[in-house]
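**Student:** Just a sequence and a predicted model for now, questions to come.
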Amino acid sequence: MEILVCVKRVPDTAENEFELNGAGNDLDRDDLVYSVNEWDNYAVEEAIQMVDNVGGSVTVVTVGDDESEEVLRREMAMGANNGVLLSDDAFEGSDGNGIASILKAEIEKGNYDLILTGAQADEGAGQVGGMVAAMLDYPYASLVNKIDIIDDKKINVGREIEGGNQEMNELQLPCVLSIQTGINEPRYVGIRGIRKVAKVDIPVKGSADLGLDADSVGAAGAKTRRVDYFVPDMGEGAEMLEGSTDEIIGKLIEKLKAKGGL
Amino acid sequence: MTQIFAYVPFNNGQAEDVALEFPEAAKKIDASATLTAIVTGSGADLDSVAGEMSKIYGQVIKVDNEALAYPNAEVVRKALVNIVPEGSIVLVPHTTFGMDIAPGLSVKMDAAYAADIIDFQGAEGTTLKMIRQELGGAVSTHVTADISAGAVITVRPGAFAPVDGGSAGGTITDKSGDAGDLSSKRQFLEVVAAEIGDVDITKSDVLVSIGRGIEDEENIEVAQELAEAMNAVVSCSRPIVDAKWLEKSRQVGTSGQTVKPKVYMAMGISGSFQHLGGVKGNPFIVAVNKNPKAPIFQVADVGIVEDILEFMPELTEAISDL
Ligand SMILES: Cc1cc2nc3c(=O)[nH]c(=O)nc-3n(C[C@H](O)[C@H](O)[C@H](O)COP(=O)(O)OP(=O)(O)OC[C@H]3O[C@@H](n4cnc5c(N)ncnc54)[C@H](O)[C@@H]3O)c2cc1C
Ligand SMILES: Nc1ncnc2c1ncn2[C@@H]1O[C@H](COP(=O)(O)O)[C@@H](O)[C@H]1O
């Protein structure tokens, strides 16, 4: 099974307190800690396990800048066989459709049976996988939390739906799946693992290599744009309890008593 | 004139709540636009939902086909592409079904796509202004979409005020004949129900709910002790279940349990909409989080900026001493 996994470098929500920059049009990115999108680690782990079982190879791909190379190396340290960086100034400002168009062009250059994405990334859109599938006319299933390979023509997948119920589907290959967290337990990657792949060559491809018309991607091709970031009017928000921990606990206990919590 | 179509999903003959929220969303996009509900399915359930929708919407389109009996997103998409006129705006809820169908639908319609919209600020010419969130709700953004060739937009359930049912007396148009070829390379097989665990968190009046802030499996004990002191039950957010630290039956949220406690103690939970989607009945929410900017503080009744690993044991002790 030849598997391509799309991965993205994103600001780590667990490690950062987000602030706006002075102009208010972007996050203050100076001190942000980045990592691989959480969902993508599950997708890569799933791909590696499938290839362990049935043979084949795992390729990881990202659309990003030079710094995105580090996430490819991390996923290769997990066990992905190849990495490809799709990078070009012309890609900047792409919307979801633009990213999907770039990925589609790379997919068409290969011979993949299965394309995996994460269920969603930092922007909470969950769009790229479904778009890539529609562009390629491949069948698609989102939020996949179980994959059974039936033969080299079809697979059964479970989709996690509301209430934790699971919707089972049969898909013909090649297909695109977006992977939900919890499908597996992504393996740990140590410094040693990263070092092992530090020198592996990762090809970089731009719009000319992919045969893309520069106007169809990037800011020029984007129908959807982020105008700015802002801090919403929070309304009343929570009543924040302040003081020493003892004082806070005293106030909290009174409230809990009043509300039936104690 | 702008045409807006709202795709209304239903279960067991019952339209999802978002059916009542689309009209408000549509009004905020363009108050002069015509709004049409689309329902797809098969048989009596479909007819009853179409009937219900005609009380709320001026126009209802129904598409009846055996292949649509279960809403397989790939099949529904094919039907919509054939039925929705070019250049229209299509609204779909941002649910597991919406995430499945909408991105591909936008590609097939050659339309703009916007996901998980929580508010609209109207259109200027062909530019529609919208609000959404990123980074698990930590930041908000204004986005625009060029809707000159139409748009597919998923709206967050619960984000728009519901209309009061009604008596629209809408017309129901049967477009079953226009659905076209509904063959698919994806077949729906069955729905497997979620496993039932040993504890039913939906029965407890007080929940001590832990999130990724618990940091380590061993620390769960600290939450259990607090729960015991409060005569409460421990529930959790999704990452705790993904890590296999607690059973799936303890997960609160859209892909877990819906709970209606009196008191909800959110300990080290950031407050994503998928988590809060499972907290219903307007409980008294206490949030403890070491990040003063955590989105949970926007919805909690009481907020405390502390490290839960230090705070919970002290609270347990103080309660035990009462
Ligand atoms: C389709 C779909 C369905 C989903 N369904 C669900 C669902 O049903 N339920 C659900 O919960 N999620 C669900 N999610 C995931 C959801 O989007 C969030 O990723 C998840 O809710 C985040 O969990 P969290 O708040 O525990 O973790 P995080 O977002 O990582 O937040 C952890 C918080 O803990 C704080 N913290 C860290 N350490 C400490 C400390 N020592 N003391 C105090 N505070 C601390 C941090 O400041 C942070 O605010 C779903 C996602 C998708 C895409
Ligand atoms: N720039 C990118 N490069 C490669 N894959 C991406 C990129 N952006 C999104 N994806 C893939 O699409 C998934 C969903 O992201 P999104 O549609 O942005 O929410 C991610 O988990 C990735 O698998």
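**Tutor:** Cool, got the structure. Ligands and ions are numbered 1, 2, ... in the order given.
**Student:** burial count for residue 254?
**Tutor:** Just so you know, I chose chain A. By other C-beta atoms under 10 Å in any protein chain shown, 11 other residues sit near residue A:254. Quick note: C-beta positions are derived from backbone N, CA and C, even for glycine.
**Student:** my bad, chain B
**Tutor:** There are 24 residues near residue B:254, going by other C-beta under 10 Å.
**Student:** Pop out the phi and psi values for it.
**Tutor:** phi -60, psi -30 (degrees, to the nearest 10).
**Student:** same check, this time on the one 3 residues further on
**Tutor:** Per-residue torsions, residue B:257: phi -90, psi 150 (degrees, to the nearest 10).
**Student:** check contacts around it.
**Tutor:** By C-beta atoms under 8 Å, 6 or more residues apart in numbering or on different chains, residue B:257 lies in contact with A:163-164, B:201-202, B:235, B:249-251, B:278.
**Student:** per-residue pLDDT, it?
**Tutor:** Looking at residue B:257, its pLDDT stands at 97.
**Student:** beta partners of it?
**Tutor:** For residue B:257, the beta-bridge partners are residue B:252 (DSSP bridges).
**Student:** and stretch B:78-98, is it in reach of chain A?
**Tutor:** Yes. Among the residues of stretch B:78-98, B:95-97 lie within reach of chain A under C-beta under 8 Å from any C-beta of the partner chain.
**Student:** again but with stretch B:37-57, I slipped
**Tutor:** No. Using C-beta under 8 Å from any C-beta, stretch B:37-57 stays clear of chain A, with a minimum separation of 15.9 Å.
**Student:** Just list whatever residues bridge to residue 63.
**Tutor:** No chain was given, so I picked chain A. Residue A:63 has these beta-bridge partners by DSSP bridges: residue A:86.
**Student:** not what I meant, chain B
**Tutor:** Beta-bridge partners of residue B:63, as defined by DSSP bridges: residue B:40.
**Student:** That one - how many residues pack around it?
**Tutor:** For residue B:63, using other C-beta under 10 Å, the count is 25.
**Student:** what residues are up against it?
**Tutor:** Neighbouring residues of residue B:63 by C-beta under 8 Å, 6+ apart: B:38-41, B:79, B:83, B:174-176, B:178-179.
**Student:** Is the residue lying closest to residue A:33 once chain neighbours are set aside in a helix, a strand, or coil?
**Tutor:** Nearest non-adjacent residue to residue A:33, counting by C-beta to C-beta, 6 or more residues apart in numbering or on different chains: residue A:15, 4.1 Å away. Put simply, residue A:15 is coil when judged by DSSP: H, G, I helix; E, B strand; the rest coil.
**Student:** quick one: residue A:15 and ligand 1, what's the gap?
**Tutor:** 10 Å (C-beta to the nearest ligand atom, to the nearest Å).
**Student:** So what does that residue look like in phi/psi?
**Tutor:** Torsion angles at residue A:15 (phi, psi; degrees, to the nearest 10) stand at phi -100, psi -10.
**Student:** Can you pick out the most distant pair from the contacts of residue B:257?
**Tutor:** A:163 and B:235 (14.7 Å; C-beta to C-beta).
**Student:** Would you indicate which residues of the helix or strand of chain A with the lowest mean pLDDT are buried?
**Tutor:** The helix or strand of chain A with the poorest confidence is helix A:191-196; it has a mean of 90 (mean pLDDT, DSSP states H and E). Neighbour-count burial for helix A:191-196 flags residue A:193 (criterion: 16 or more other C-beta atoms under 10 Å in any protein chain shown).
**Student:** The following helix or strand past it pairs with which strands, parallel or anti?
**Tutor:** Toward the C-terminus, helix A:191-196 is succeeded by strand A:204-205 as the next helix or strand (DSSP states H and E). Within its sheet, strand A:204-205 is paired with strand A:82-86 (parallel), according to DSSP bridges.
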